[in-house]
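J.: Pasting a predicted model and its sequence here:
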2 protein chains.
Amino acid sequence: MAEKIENLWREVRELSLGTKIDRLDSPPSPVKFLRDYVSQSKPCVISNAIAHWPALKHWSDPAYLAGALSNDLVSLHLTPNGCADAVTPVGSIGDRDDLCFASAHVEKVLFPEALRAVQSSCKGKKVGYLQQQNDCFRTEYSTVGVDCDGDISWATEAFGCSPEAVNLWIGTEHSVTSFHKDHYENLYAVVSGEKHFLLLPPTDVHRLYIEQYPAANYSYHRDTEAFKLELGEPMRDVPWCSVDPYPSPENEASERLKYPLFFNGPKPFHCTVKAGEILYLPSMWFHHVSQTPGDGGYTIAVNYWYDMQFDIKYAYFNFLQSLSYKSSSLNPILSWREDEDWESSDAEV
Amino acid sequence: MAEKIENLWREVRELSLGTKIDRLDSPPSPVKFLRDYVSQSKPCVISNAIAHWPALKHWSDPAYLAGALSNDLVSLHLTPNGCADAVTPVGSIGDRDDLCFASAHVEKVLFPEALRAVQSSCKGKKVGYLQQQNDCFRTEYSTVGVDCDGDISWATEAFGCSPEAVNLWIGTEHSVTSFHKDHYENLYAVVSGEKHFLLLPPTDVHRLYIEQYPAANYSYHRDTEAFKLELGEPMRDVPWCSVDPYPSPENEASERLKYPLFFNGPKPFHCTVKAGEILYLPSMWFHHVSQTPGDGGYTIAVNYWYDMQFDIKYAYFNFLQSLSYKSSSLNPILSWREDEDWESSDAEV
């Protein structure tokens, strides 16, 4: 089985994906977008995609945004380290059994204060991220909605529906989004700064080591300026990718041993999306996101989630995910290369 | 493994395909066609699709066709039983080891004579079928090319290219095309009579029992009015579907025992395509085709093959096909239901 799944990783790259994410100089027609990208579940980056948005001109200026949103309450996400919605040690020892899925402390704050919290983020102490994946751009930020388009017109025509949710993201280099997938087609427009994506196709699901982690929440205490991380009540498990593609130097060796299919398999696709560009991220693709701030000291992006089709590609994905990578229960921490040798010398394969 | 593959059969039906082939009252826009059918690998039948073709008015009249093509040499396929490109007993005993992949005797004949051979087909003796899957409509039948469109305009716009091949088919109820798949996107237009399709999605590949069969050819001897079926030289194997969905009454019990995944699994999709209608048959779908003649005593169809994308769907298909349905090598002739019980009582599953 391992060898067959590895062949799938290889074949989808050789036949379809290549080694680099496609770049288009201008928005595609709806037909081209559907034919060359959506139908094939292939990402692409589109330049000159939002040149007409006032946001592109104004939002790099913190004073403009703070002025425009001076009376608006927005959701500020706070964590000690910039890793919200990520697998995190719940105890102080941090051994395997103590990992949880940690969500940020969220508070509603007036935008100018929230923006200052983002800009003054300090890793290890307190990191602020303005984001809320519940259509926040059309609710909390409606005051500046006119600075962007309400949808991505060619995508709306292609998908045959309006976006299901539009989300705003304002953060710094301290905030990172861990590997995960969404059940949406995603058009991700960068307005200020740069976003860096690591991408893996749905075929590579076994390489992310999705496991169940107990949900936990940070709470921030202003008086002590300290975070507390506590398991939710009642306990609830969240399936999440275990792999951190950028482990700290002291953890790197152990992470590579734990997740050989990720570290020893084909490299993730990498792309940087600059201000003015849009990434089309197909549904079910795994993505890890980091960012570089622009002139205003932050990165801003607006993403449009469109409903996905639960079609044959989705059924194939579920089937693949239902299979064990291993054809036996031998040592599960063999490296990919070692494992390939092991497979090819196995008479059953 | 068996249970997981069966879940895939079920899920693709429940989430995407439903129980019936979609029918559209008029040709879809290229965007709708791509979004709702091509991208999802979903067939559909389109009515009022070729109302403007002169062929629809004239081709049911044998005199019209014989007149228009009076000087054209065309490829006439002859078999004793109407089953060309089908798994056939090569010996007279007909046991499993004696099966081959039999191709028709082909001769180039003036069209009026060829049409008479089709119309006077007699099963068990000699069945004629006018077809040649090598772009024959644009070569052998170019004289009547003006009676049809050179392409299906909305499909050409959707696929972004012209058809790779256009084929003509003139046959009677005696000619049947056995289950197979093509590596093309297929727009299949019926001009006279009716075509009956049995369809299975690519996810169901194990249910067709694709095996290697030695290629063989019929040769027809005019003097004795007899066919001879001989293995090709040098020997060459052809992978082909083993299942005949309509076995003769005397073979039915044994066929059901040999191919339980087909006969005991979900029913194939069935659709009848009438004169004036087009079937969109996605690449890699398995199809079995039979026909009912129209007024002229024959069925006529023109099909347009467009290049397919070798994308993630194709890679998933190859992966699925590489897996054995069986998770063990126990008796391979268990019925599907029995097998499901066997699986669910297996501790490993």
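T.: Arrived safely, thanks for sending.
J.: List the contacts of A:Lys4.
T.: B:Phe319, B:Ser322, B:Leu323 (Cβ atoms under 8 Å, 6 or more residues apart in numbering or on different chains). (Each C-beta comes from the backbone N, C-alpha and C, glycine too.)
J.: who wins for most neighbours among those?
T.: B:Phe319 (21 neighbours; other Cβ atoms under 10 Å in any protein chain shown).
J.: average pLDDT for the helix or strand containing that residue?
T.: Per DSSP states H and E: B:Phe319 is located in helix B:312-322. Helix B:312-322 shows an average pLDDT of 98 in the prediction.
J.: what's the answer for stretch A:206-215, then?
T.: Rounded mean pLDDT across stretch A:206-215 is 95.
J.: Indicate whether it makes contact with chain B.
T.: No - for stretch A:206-215, no contact with chain B is found by Cβ under 8 Å from any Cβ of the partner chain; the gap never falls below 12.1 Å.
J.: Of all the residues in that stretch, which ones are buried?
T.: Residues of stretch A:206-215 classed as buried: A:His206, A:Arg207, A:Leu208, A:Tyr209, A:Ile210, A:Tyr213, A:Pro214, A:Ala215 (neighbour count, 16 or more other Cβ atoms under 10 Å in any protein chain shown).
J.: How about the contacts made by the second one?
T.: Contacts were defined as Cβ under 8 Å, 6+ apart; by that measure A:Arg207 touches A:Trp9, A:Leu200, A:Val243, A:Tyr259, A:Leu261, A:Phe262, A:Gly265.
J.: and of those, the nearest to chain B?
T.: Distance to chain B across those (Cβ to the nearest Cβ) is lowest for A:Trp9, with 9.1 Å.
J.: Quick check, pLDDT for that closest one.
T.: 97.
J.: that's a helix at it, yeah?
T.: Yes - counting by DSSP: H, G, I helix; E, B strand; the rest coil, A:Trp9 is found in a helix.
J.: can you pull the buried residues of stretch A:222-240?
T.: Quick answer for stretch A:222-240 (16+ other Cβ under 10 Å): A:Phe227, A:Leu229, A:Val238, A:Trp240.
J.: So in that sheet, which strands flank the longest strand that chain A contains, and in what orientation?
T.: Scanning chain A for the longest strand, with DSSP state E as the assignment, gives strand A:210-221. Sheet partners assigned to strand A:210-221 using DSSP bridges are listed as strand A:99-103 (parallel), strand A:226-231 (antiparallel), strand A:237-241 (antiparallel).
J.: What residues does the stretch 101-250 of chain A have near chain B?
T.: Proximity of the stretch 101-250 of chain A to chain B, by Cβ under 8 Å from any Cβ, involves residues A:Glu157, A:Ala158, A:Phe159, A:Gly160, A:Pro201, A:Pro202, A:Thr203.
J.: can you tell me which residues contact the residue of the stretch 101-250 of chain A found nearest chain B?
T.: Residue nearest to chain B within the stretch 101-250 of chain A: A:Gly160 (5.8 Å; Cβ to the nearest Cβ). Taking Cβ under 8 Å, 6+ apart, we find A:Gly160 in contact with B:Val31, B:Lys32, B:Arg35, B:Asp36.
J.: Same question for A:Arg256.
T.: Here A:Arg256 is in contact with A:Pro247, A:Phe263, A:Asn264 (criterion: Cβ under 8 Å, 6+ apart).
J.: pLDDT score assigned to it?
T.: For A:Arg256, the model assigns a pLDDT of 95.
J.: same thing with A:Asn134?
T.: Looking at A:Asn134, its pLDDT stands at 88.
J.: for A:Lys108, same thing?
T.: 95.
J.: ok, now A:Glu338?
T.: 40.
J.: Out of the contacts of A:Arg207, list just those in helices.
T.: Counted as lying in helices by DSSP state H, out of these, are A:Trp9, A:Leu261, A:Phe262.
J.: ok, how many other residues are close to the second one?
T.: Burial measure for A:Leu261: 21 neighbouring residues, criterion other Cβ under 10 Å.
J.: Wait, it touches A:Leu200, no?
T.: No - A:Leu261 lies out of contact with A:Leu200 (Cβ atoms under 8 Å); the separation is 10.7 Å.
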